[in-house]
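Visitor: sequence unknown, structure follows:
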């Protein structure tokens, strides 16, 4: 048969569907997608050398699944096959076609481009996948307990485990997500590094060696109440985390990070209930944030030397004394402490603030003080989680300080302009008065003209005034000006001619 007569997707429910359908398409390069739906009993595909995807759904009565000659496969997906107990792919990985990829390049292991996603198979006890030792994606969720079929696996790009599995040869993984299921006797004996690791309700005895987490570490959803696994849960095998550490939604747990010394990103501990925490060896972290942990004591950090910023809100352990960061050397950001217990004291933190170790400090304790450089400490009277959560942020206080400064400058400027205006008016009035006084003094010094210089010459009939005045004959009209005290010139009447002498 040629491939153009064979469908890309084949649907199978019974063995008859396999015998009457897929076996007619037995070309060596035929690679279909096989969808198994509502299957019952045992299914065997005796002549299928290649397949792209095998997808099994809605088959709670399927018991076994066998591909005796299948050598190349890219994806096996099984969901809700609650009666499935055996999967057989004995020749997988033995074909001539290569489906391998190198994980991230460099010295990382060569992985097959094969993904197993098995979910809802609680009865599954045996999985034979031939010569395969690595997976691109391996997800085993709601799987049969104490699964030991995956012991040959040495490398996985993305690994998800829900339950207890034996992977003693696993030495490399980029991402691991483990959902615990009580006590598990199996260990990751050879795993030394992982990019991202998430532990949900996991017994930490999964790891026997120190594991380098290059990316992020999450410890979450652990609840140890009412079981045989109660007791300390040491997260003892992670000394360095390259990115963030997230500890959240745990309850009734004792989580002691006894080996953790360096966190390249942020340490975020939140929304835990009735837990005891320990970070005694932590020395360096980017941002330390521990908030809203109900009935959970916030521990001290006896070896913490440097953090970019610190934010703690909750019940703080006061048994070591008021100094919860005794060897702290530098916090360039802000340290915010919102204690829910009244016996916490901010005095040691304030000493570190005054010594320049802490750049900005906001602390609520028995001294009820808030300090933020370079602002002078301000006394506040509110304590407790409800009141503290409504306090203005540092940015808001900074804005208020700037606004007050601007208002003060405007007021001082207005006062200066008013004083300057009054002084200018006073100087102007003094100049006007001085000018008027000078003019009056000048007018008083002017002498009025002397009118007594008029005289009569015998027989000439000529009247002479001042020496420089013109001479006028008698009979002509002349005008004599009279000078009054107000210096206005007025016209005088013309003098009459001399009368003839009277007869004797």
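Guide: Yep, it's here. None of the values given here were measured: they were computed from a predicted structure.

Visitor: Can you pull up the most central residue in the protein?
Guide: residue 287 (9.8 Å; Cα atoms, centre = their mean).

Visitor: Wait, that one touches residue 331, no?
Guide: No: look at residue 287 against residue 331 with Cβ atoms under 8 Å: they stay out of range, at 10.2 Å. The C-beta positions use only the backbone N, C-alpha and C, and glycine is treated the same way.

Visitor: Return every residue with contacts to both of those two.
Guide: 307-310 (Cβ atoms under 8 Å, 6 or more residues apart in numbering).

Visitor: so where's the stretch 251-400 of the chain uncertain?
Guide: Filtered on pLDDT under 70, the stretch 251-400 of the chain yields the residue ranges 366-395.

Visitor: tell me the strands in it, going along the chain?
Guide: 254-256, 262-263, 267-270, 276-278, 284-291, 297-298, 306-316, 331-339, 358-364, 369-372, 375-379 (DSSP state E, counting those that start in this stretch).

Visitor: Export the ones you listed to JSON lines and append columns for distance to residue 436.
Guide: Output for the strands of the stretch 251-400 of the chain, formatted as JSON lines (distance: least, Cβ to Cβ, whole Å):
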{"stretch": "strand 254-256", "distance to residue 436": "95"}
{"stretch": "strand 262-263", "distance to residue 436": "86"}
{"stretch": "strand 267-270", "distance to residue 436": "84"}
{"stretch": "strand 276-278", "distance to residue 436": "90"}
{"stretch": "strand 284-291", "distance to residue 436": "78"}
{"stretch": "strand 297-298", "distance to residue 436": "84"}
{"stretch": "strand 306-316", "distance to residue 436": "74"}
{"stretch": "strand 331-339", "distance to residue 436": "69"}
{"stretch": "strand 358-364", "distance to residue 436": "66"}
{"stretch": "strand 369-372", "distance to residue 436": "63"}
{"stretch": "strand 375-379", "distance to residue 436": "57"}
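
Visitor: who wins for proximity to residue 214 among the ones you listed?
Guide: Nearest to residue 214, of all the strands of the stretch 251-400 of the chain, is strand 262-263, at 12.2 Å by Cβ to Cβ.

Visitor: can you give me how far the closest one is from the chain middle?
Guide: Centroid separation for strand 262-263 versus its chain: 18 Å, with Cα atoms, centre = their mean, to the nearest Å.

Visitor: do the same with stretch 213-225
Guide: 22 Å.

Visitor: Mind listing what's buried along that stretch?
Guide: 213, 215-222, 224 (16 or more other Cβ atoms under 10 Å).

Visitor: can you check stretch 330-338 too?
Guide: For stretch 330-338, using 16+ other Cβ under 10 Å, the buried residues are 331, 333-338.

Visitor: any chance of those in JSON lines, plus distance to residue 193?
Guide: Shown next, in JSON lines, are the buried residues of stretch 330-338 (distance: Cβ to Cβ, whole Å):
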{"residue": "331", "distance to residue 193": "30"}
{"residue": "333", "distance to residue 193": "30"}
{"residue": "334", "distance to residue 193": "34"}
{"residue": "335", "distance to residue 193": "33"}
{"residue": "336", "distance to residue 193": "35"}
{"residue": "337", "distance to residue 193": "36"}
{"residue": "338", "distance to residue 193": "37"}
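
Visitor: Now do the helices in this structure.
Guide: 15-20, 347-354, 385-388, 394-444 (DSSP state H).

Visitor: the inter-axis angle of the second one versus strand 331-339?
Guide: Angle between the axes of helix 347-354 and strand 331-339 is 160 degrees (criterion: axes from the mean of the first three to the mean of the last three Cα atoms, to 10 degrees).

Visitor: buried residues in helix 347-354?
Guide: Buried-residue list, helix 347-354, by 16+ other Cβ under 10 Å: 348-350, 352-353.

Visitor: So which elements touch it?
Guide: strand 331-339, strand 358-364, strand 369-372 (3 or more Cβ pairs under 8 Å, 6 or more residues apart in numbering; DSSP states H and E).

Visitor: that older thread, closest one of the buried residues of stretch 330-338 to residue 406?
Guide: residue 334 (24.4 Å).

Visitor: Could you report the separation of the closest one from residue 114?
Guide: 50 Å (Cβ to Cβ, to the nearest Å).

Visitor: what's residue 53 in contact with, if anything?
Guide: 33-34, 74-77.

Visitor: low pLDDT regions in the chain?
Guide: Residues of the chain that meet the cut-off, pLDDT under 70, sit at 1-6, 21-30, 95-109, 144-147, 181-182, 203-205, 224-234, 366-395, 438-504.

Visitor: got the helices and strands packed on helix 347-354 as TSV, with distance to residue 201 columns?
Guide: Shown next, in TSV, are the helices and strands packed on helix 347-354 (distance: least, Cβ to Cβ, whole Å):
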stretch	distance to residue 201
strand 331-339	30
strand 358-364	35
strand 369-372	40
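
Visitor: out of those, which comes closest to residue 196?
Guide: Closest among those, using Cβ to Cβ: strand 331-339, at 26.0 Å.

Visitor: burial count for residue 436?
Guide: Neighbours of residue 436 under the rule other Cβ atoms under 10 Å: 10.

Visitor: next one: residue 155
Guide: So residue 155, with other Cβ under 10 Å, has 21 neighbours.

Visitor: close enough to count as contact, it and residue 169?
Guide: No: applying Cβ under 8 Å as the test, residue 155 and residue 169 come out as separate, 9.2 Å apart.

Visitor: Touching both of these two, which residues are there?
Guide: Joint contacts of residue 155 and residue 169 (Cβ under 8 Å, 6+ apart) are residue 133.

Visitor: Contacts only, for residue 321.
Guide: Residue 321 sits in contact with residue 348, where contact means Cβ under 8 Å, 6+ apart.

Visitor: Check residue 35 too.
Guide: Counted by Cβ under 8 Å, 6+ apart, residue 35 has contacts 9-12, 55, 57.

Visitor: Just the buried residues of the residues you listed.
Guide: 10, 12, 55.

Visitor: so the second one sits right up against residue 20, yeah?
Guide: No: taking Cβ under 8 Å as the definition, residue 12 is not a contact partner of residue 20, at 10.3 Å.

Visitor: So residue 246 sits against residue 217, correct?
Guide: Yes: at 7.3 Å, residue 246 counts as touching residue 217 under the criterion of Cβ under 8 Å.

Visitor: what is in contact with the two at once?
Guide: By Cβ under 8 Å, 6+ apart, no residue touches both residue 246 and residue 217.

Visitor: which one is residue 290 nearest to, not counting chain neighbours?
Guide: residue 269 (4.3 Å; Cβ to Cβ, 6 or more residues apart in numbering).

Visitor: Tally up the residues packed near that neighbour, please.
Guide: 26.
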